[in-house]
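> The following comprises the amino acid sequence and a computationally predicted model.
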Amino acid sequence: MKQAIYEHLYDLENSNIAIHYYSNRGSYFPAHWHPAIELIYILNGTGEIIVGGARHVLVPGEFIVIDANQIHESQCAQASMGVTIHVSREFLKSYTEDSSLPGIDCMRDTLQKEKLPIYLEICGLFKKLVPMYIQQPAAMRLGSEAIVMEILFHLLNHFSCQLPASQIPGTARNQERLQEILLYVEKNYRHPILLEDIAGELGLNREYFCRFFKQQMGVNFTRHVNQVRLSHIHHELIATEDPIMEIVDQNGFTNYKLFHKLFREIYGCTPREARQEAKEAQEKSSHIKQILPE
């Protein structure tokens, strides 16, 4: 399993349900986790989601549920469109009689045969949600959140499972140590990060730190730092017109040959191609209704 980043979901500070439509090409989100339940529905293209080390491929019309605190990462090598929904676990718990909320296990490729009909019924609800969400009036927002509540009703009724005390793997001490590492990387990725420095922050020697990190996450520390840098670079490529090499420099890469190699490995294209294709996708976004499922 790869290194994970804690994701702070600002939208859930003011709302218990956050719905986002996305359209992108070559997106990659390094391993991360958050305290909210996440639902991902694919409209167009394909999505590869890794949850707890298990790989799941989604095609148009399918969805996946990622429970709270599960380490996950996602990648779309080609143009894709979809919807993500984040739901506050505390909010959902307020609708149950038990003091604790069960987990939710709903993966299309591991689905039990008898649960397929209800899975397809939920897919139908997502299908209704998309055109409603894209329209902006307040009444449409109420309608879209009502559909999300119906989806959650079916998930709790048919896909509940026993929830471990912590979804994040490892002992409490390992969890605490990993969180320290993640926060350190997120704070310092724009600058050189030496193994000796991060190990020293944790009071560990270099060799033990490397062994601990690889054992817990299944990837070496340097690789993870580069993945975090790449995700920020990709975002800035799409969101700004800044020169590519300036963006690369500002996000901590000093080996440009390695940068181009890793970027193509993860996104399947060059940085210039990624920027151009993102522009083209944005221009086509006004025609979204033409490609929505009938």
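Structure received.
> What are the buried residues along the helix or strand containing residue 173?
Using DSSP states H and E, residue 173 sits in helix 172-188. Residues 177-178, 181-182, 185 are the ones in helix 172-188 that count as buried (16 or more other CB atoms under 10 Å). To be clear about C-beta, it is placed using only N, CA and C from the backbone, and glycine gets the same treatment.
> other SSEs contacting it?
Packing contacts for helix 172-188, counted by 3 or more CB pairs under 8 Å, 6 or more residues apart in numbering; DSSP states H and E, involve strand 5-6, helix 195-201, helix 206-217, helix 221-239.
> mind checking which of those is nearest residue 113?
Closest to residue 113 of the helices and strands packed on helix 172-188, according to CB to CB: helix 206-217, at 34.2 Å.
> and the angle for that closest one with helix 172-188?
Relative orientation of helix 206-217 versus helix 172-188 (axes from the mean of the first three to the mean of the last three CA atoms, to 10 degrees): 100 degrees.
> Quick one: distance of the helix holding residue 173 to the chain centre.
Between the centre of helix 172-188 and the centre of its chain there are 18 Å (CA atoms, centre = their mean, to the nearest Å).
> likewise stretch 114-126?
22 Å.
> Please renumber the chain so that the first residue is 31 from this point on.
Let's use 31 as the start, then, which means that last one is stretch 144-156.
> Show me this structure divided up by domain.
35-191, 202-310 (automatic domain parsing).
> Make TSV out of the ones you listed and add mean pLDDT.
Output for those, formatted as TSV (pLDDT from 0 to 100):
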stretch	mean pLDDT
domain 35-191	81
domain 202-310	89
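> can you tell me which helix or strand residue 113 belongs to?
strand 109-118.
> One more: residue 282?
Counting by DSSP H and E, residue 282 is part of no helix or strand.
> residues near it, how many?
19 (other CB atoms under 10 Å).
> Correct me if wrong: it contacts residue 217.
No. Assessed by CB atoms under 8 Å, residue 282 is found out of contact with residue 217, at 11.8 Å.
> and the nearest residue to residue 300 once chain neighbours are set aside, how many neighbours?
The shortest distance from residue 300 to any non-neighbouring residue, by CB to CB, 6 or more residues apart in numbering, is to residue 294 (6.4 Å). Residue 294: 14 surrounding residues under other CB under 10 Å.
> same question, residue 121
The burial count for residue 121: 16, using other CB under 10 Å.
> do residue 173 as well
Neighbour tally, residue 173, other CB under 10 Å: 16.
> same check, this time on residue 146
Neighbour tally, residue 146, other CB under 10 Å: 11.
> Likewise for residue 187?
Residue 187, neighbours per other CB under 10 Å, totals 9.
> what's the answer for residue 242, then?
Count around residue 242 with other CB under 10 Å applied: 19.
> That one against residue 233, yeah?
No. Using CB under 8 Å, residue 242 makes no contact with residue 233, being 12.0 Å away.
> Could I get the full set of strands for this structure?
35-36, 47-55, 58-63, 66-74, 77-81, 84-88, 93-96, 102-105, 109-118, 133-134, 190-191 (DSSP state E).
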